[in-house]
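**Q** can you look at this prediction? I've put the sequence above it.
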Amino acid sequence: MVFTVLVTAQPPRPTARLDADAGLVSGEAVVLDVRVARLGSRVLALLIDVVVQILLALVLAASAILAIAALVEAGLMVQPELAVGRGAQTVGVVLVLIGYPVLCETVNHGRSVGKLAVGLRVVRDDGGPVGFRQAATRALVGVAVEWPGLVLPLLTWVATATVMLTDARGRRLGDLAAGTLVIHDRSPSATGYRPRIAPALVGWARTLDLTRLDDGLALDVRQLLSRGPWMVGPARERLAAALWAEVAAVTSPPPPPGLPEWAYLEAVLSERHRRTRHRLARSRSAAATLWPELLPDAGPAYSDEPAGAEPGPTLRPAAPAVATGRHVPTPSSDPTLPALPAPAAGSSAPPPRRSRSGLPAESEWSGEPYR
């Protein structure tokens, strides 16, 4: 008896994206895309806070010296006493080591100066904002555990670093005691693949009927176009021909003669995205009319319209260019689109055997450019 095992490997994505690891779940049971802060970023934020605390200590010391000198000149104090100096020193240490982090994290929503510079924020275990109790607990545990490391670094700093490295959320002892964790407030944006359409195909794409193009087939087309640079030529062309046949069977009108397969697929996907954006924009406008506070200004919207193309505000396909008398240029007139022979009329390529993700096997991937 012979067993055959088919192993398919998914290649690395073209754009790197860091997955959420904070484990925060919203009230609707949706996992939030939040990354926890690890040892490196937290040490960098701590160094910035230490510099700020040193400057604050110098300001408090200078203020105390000037205040004592003013009391002596006014005759309210014969000479500076040791007890007064020790008391001022104790107050300064408390303000610098405890008052500074507690005040910053309570007033600034879990962000000290260092965390604000690095892009970190302290939140509760459930994702809510920290209050005075959590900030005070973190500061007291930090003074009792981390700051004695200036004298015994092997006993405190190593223990603190070990706890942060072994904890799944990167929490230190102060976070464990207060029920908090530190997350990244600014995460890098993951820029994915955005389909582009050639200017010569805009008029034809507006007439497409995409009602039978389902999400699964559109996802296969998107994966092929976005991961094409990592595929070898034969596998890429085979998948492109198969997807061309599947998409052409559920869309109309047919593509212009001589249109390359990749250009046809990219034009269909770009037009589908354009209509989806317009539909979402219309829904957003209706929601903003009912409750504008829910929809803040998100800035300029992304547009994949080619330069010089007229915007298409309607969601329905436009009338065919033949009926309006307009001339739709063919891809052969565009120097950027090579004219290739189209598949024979009536021929349909059998769909290849693809994995669940629609990707080829591992042996079919390489670094050859797509186009």
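**A** Yes, it's here.
**Q** just the helices in the chain please.
**A** 39-73, 82-94, 100-107, 113-118, 132-141, 153-166, 173-178, 202-205, 215-227, 233-250, 261-290, 321-324 (DSSP state H).
**Q** I'd like these laid out as CSV, including distance to His184, mean neighbour count and mean pLDDT.
**A** No exception for glycine: its C-beta is placed from N, CA and C like everyone else's. Shown next, in CSV, are these (distance: least, C-beta to C-beta, whole Å; neighbours: other C-beta atoms under 10 Å; pLDDT from 0 to 100):
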stretch, distance to His184, mean neighbour count, mean pLDDT
helix 39-73, 7, 14, 91
helix 82-94, 31, 13, 87
helix 100-107, 16, 19, 94
helix 113-118, 9, 20, 94
helix 132-141, 18, 19, 94
helix 153-166, 15, 13, 85
helix 173-178, 15, 20, 92
helix 202-205, 40, 22, 89
helix 215-227, 26, 18, 87
helix 233-250, 37, 18, 88
helix 261-290, 28, 17, 83
helix 321-324, 50, 12, 41
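**Q** closest one to Arg124 among those?
**A** Among the helices of the chain, the nearest to Arg124 by C-beta to C-beta is helix 132-141 (6.6 Å).
**Q** and the closest one with helix 100-107, angle?
**A** Counting by axes from the mean of the first three to the mean of the last three C-alpha atoms, to 10 degrees, helix 132-141 points 160 degrees away from the direction of helix 100-107.
**Q** elements contacting helix 132-141?
**A** helix 100-107, strand 120-124, helix 173-178 (3 or more C-beta pairs under 8 Å, 6 or more residues apart in numbering; DSSP states H and E).
**Q** looking at those, spot the one closest to Arg138.
**A** helix 173-178 (4.0 Å).
**Q** list the helices and strands the closest one packs on?
**A** helix 132-141, helix 153-166, strand 180-184.
**Q** want to throw the ones you listed into TSV with distance to Leu58?
**A** Below are the helices and strands packed on helix 173-178 laid out as TSV (distance: least, C-beta to C-beta, whole Å):
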stretch	distance to Leu58
helix 132-141	20
helix 153-166	24
strand 180-184	27
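**Q** quick one, which of those is nearest to Val122?
**A** Comparing the helices and strands packed on helix 173-178 under C-beta to C-beta, the one sitting nearest is strand 180-184, at 5.4 Å.
**Q** what does the average pLDDT come to for that closest one?
**A** For strand 180-184, the mean per-residue pLDDT is 93.
**Q** what helices or strands is that strand leaning on?
**A** Applying 3+ C-beta pairs under 8 Å, 6+ apart, one finds that strand 180-184 contacts strand 120-124, helix 173-178.
**Q** how about the CA coordinates for that strand, as PDB?
**A** Extracted as PDB, the C-alpha positions of strand 180-184 are listed here (Å, rounded to 0.1, in the frame of the first residue of the first chain):
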ATOM      1  CA  THR A 180      -2.200  46.300  33.500                       C
ATOM      2  CA  LEU A 181      -0.200  45.800  30.400                       C
ATOM      3  CA  VAL A 182       1.700  48.100  28.000                       C
ATOM      4  CA  ILE A 183       0.600  48.100  24.300                       C
ATOM      5  CA  HIS A 184       1.800  49.900  21.200                       C
END
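**Q** what does that strand rub up against?
**A** For strand 180-184, the surrounding residues in contact (C-beta atoms under 8 Å, 6 or more residues apart in numbering) are 22, 24, 34-37, 41-42, 110, 115, 119-125, 130, 134, 138, 169-171, 174-175.
**Q** the nearest residue to Leu44 once chain neighbours are set aside: what's it in contact with?
**A** Nearest residue to Leu44, sequence neighbours excluded (C-beta to C-beta, 6 or more residues apart in numbering): Val118, at 5.5 Å. If you count contacts by C-beta under 8 Å, 6+ apart, Val118 has them with 41, 44-45, 48.
**Q** show me the protein divided up by domain.
**A** The chain breaks down by automatic domain parsing into domains covering 39-184, 199-291+303-364.
**Q** got CSV for the ones you listed, with distance to Tyr193 too?
**A** Shown next, in CSV, are those (distance: least, C-beta to C-beta, whole Å):
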stretch, distance to Tyr193
domain 39-184, 24
domain 199-291+303-364, 3
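**Q** ramachandran angles for Thr211?
**A** Reported as degrees, to the nearest 10, the phi and psi values for Thr211 are phi -70, psi -30.
**Q** number of residues surrounding it?
**A** For Thr211, the count of nearby residues is 10 (other C-beta atoms under 10 Å).
**Q** ok, Arg42 to Gly258 distance?
**A** 59 Å (C-beta to C-beta, to the nearest Å).
**Q** my error: substitute Val78 in the last question.
**A** Distance from Val78 to Gly258, counting by C-beta to C-beta: 102 Å.
**Q** more neighbours, the two?
**A** Here Val78 and Gly258 are compared on neighbour count by other C-beta under 10 Å; more neighbours surround Gly258, at 15 against 8.
**Q** separation between that one and Glu237?
**A** 16 Å.
**Q** what do you get for Leu71?
**A** From Leu71 over to Glu237 (counting by C-beta to C-beta), the distance is 88 Å.
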